[in-house]
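In: sequence plus predicted model, see below.
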Amino acid sequence: MADFKHRIGSLQLEIALASTAPWTVLFGPSGSGKSTVLRVIAGLVRPSQGRVVAGRRVLMDTEAGVFVEAHRRGVRWAGQTAMLFPRMTVRENLEFGLADAERVRGAIAHFELEGLAEKRPGELSGGERQRVGVVRAAVGEAELLLLDEPFTGLDAGRREELIGRLREWIGGTPVVSVTHDVGEAFLLGAEVVRIGEGRVVAQGAVEVVLGEERERLRTVLRQ
C-alpha cells in the first residue's frame, strides 16, 4: 500500500493505491509519475507526506516519523538500463552481495545464461544486458520486486520468454512494474493501476482498465 504526496518540478504527485495481486502494473504516459512511485516504495525518494506499507511492515510513515532506509527494505530493483559492474563478469555481477553461490548457479541455468556467464557487460548486446539486469534483481531473496520498464528494447519473443521464466523463478514474491506498453500489460495479465498527471485514475484487471486502449490500437493496426 502506498499513499503519499510528493512534488517533482511542476508535477504534484498524489498517489493512493493498494495492491492485492501478485503482480501489479503501473501504467501511464511518460512523465506521469510512475517511476517516482517505485522510487518512493524502494526508499530512494522521501516524499513530503504519506505512508508506505509492504505486507504488514510499515516502510514509511511521515506522521509517525518512520522511514526505513532503502537497503533495509528487502526490496530489489531492475530498471530501464541494466546497472551492472563493468569490470565483473555476468556471474560475478549476479554473485555480488549474495552468499548463496548455488542459487546463482541455479539462476544462470534457469534463465539460460550459461553462454554469457563469463562475459563482461561490455561484451553483451543491449538486450543481453537487460536480461542480466532483470536476473540480477530477481536472484536475491526479496520481499518485493520492483521493475521499471526493464523489458524495453527486447523483441516480443524474448520479452515473453523472460517474463515466463521470471514468474517461475520468483514464485510468490510480489512484483510492481512500470510500463506504457499496452501489449506488455496484457501479456503480464496483472492488476493495472493507471496513472495520469500524478494521480491514480483507474485500478483493476487489465481487461477492464486497458480494454478500450487495446481496441483503439487494434483499430489503428487494421487500417
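Out: Noted; the coordinates are in hand. Residues are numbered from 1 along each chain as shown.
In: please make it C-alpha for all contacts and neighbour counts, starting now.
Out: Noted.
In: residues touching the most centrally placed residue in the chain, list them.
Out: Centroid-nearest residue in the chain, with C-alpha atoms, centre = their mean: residue 147, separated by 1.2 Å. Counting by C-alpha atoms under 8 Å, 6 or more residues apart in numbering, residue 147 makes contact with 77-79, 175-178.
In: where does pLDDT dip in the chain?
Out: Counting by pLDDT under 70, the chain shows low-confidence ranges at 217, 219-223.
In: and the helices in it?
Out: Assigned by DSSP state H, the helices in the chain fall at 34-42, 90-95, 101-110, 126-139, 156-170, 182-188, 206-209, 211-222.
In: list the contacts of the first one.
Out: Residues from elsewhere that reach helix 34-42 (C-alpha under 8 Å, 6+ apart): 2, 15, 26-28, 45-47, 52, 59, 70, 73, 75-76, 146, 148, 176, 178, 195.
In: just to revisit the earlier point, apart from its chain neighbours, what residue comes closest to the residue nearest to the centre of the chain?
Out: residue 177 (4.4 Å; C-alpha to C-alpha, 6 or more residues apart in numbering).
In: measure that neighbour to residue 185 for me?
Out: Remark: distance between residue 177 and residue 185 (C-alpha to C-alpha, to the nearest Å) = 10 Å.
In: between those two, what contacts are shared?
Out: Common neighbours of residue 177 and residue 185, using C-alpha under 8 Å, 6+ apart, are residue 25.
In: neighbour count: these two, which is higher?
Out: Neighbours were counted for residue 177 and for residue 185 using other C-alpha atoms under 10 Å; residue 177 has more, 25 against 22.
In: hey, what's that one bridged with?
Out: With DSSP bridges as the criterion, residue 177 is bridged to residue 25, residue 147.
In: picking up where we left off before, tabulate the helices of the chain (CSV), appending distance to residue 200.
Out: Converted to CSV, the helices of the chain look like this (distance: least, C-alpha to C-alpha, whole Å):
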stretch, distance to residue 200
helix 34-42, 10
helix 90-95, 35
helix 101-110, 35
helix 126-139, 26
helix 156-170, 25
helix 182-188, 16
helix 206-209, 12
helix 211-222, 17
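In: go through these and name the closest to residue 120.
Out: Evaluated over the helices of the chain, closeness to residue 120 peaks at helix 90-95, with 5.9 Å, by C-alpha to C-alpha.
In: what about the closest one, distance to the chain center?
Out: Its chain's average C-alpha position is 20 Å from that of helix 90-95, according to C-alpha atoms, centre = their mean, to the nearest Å.
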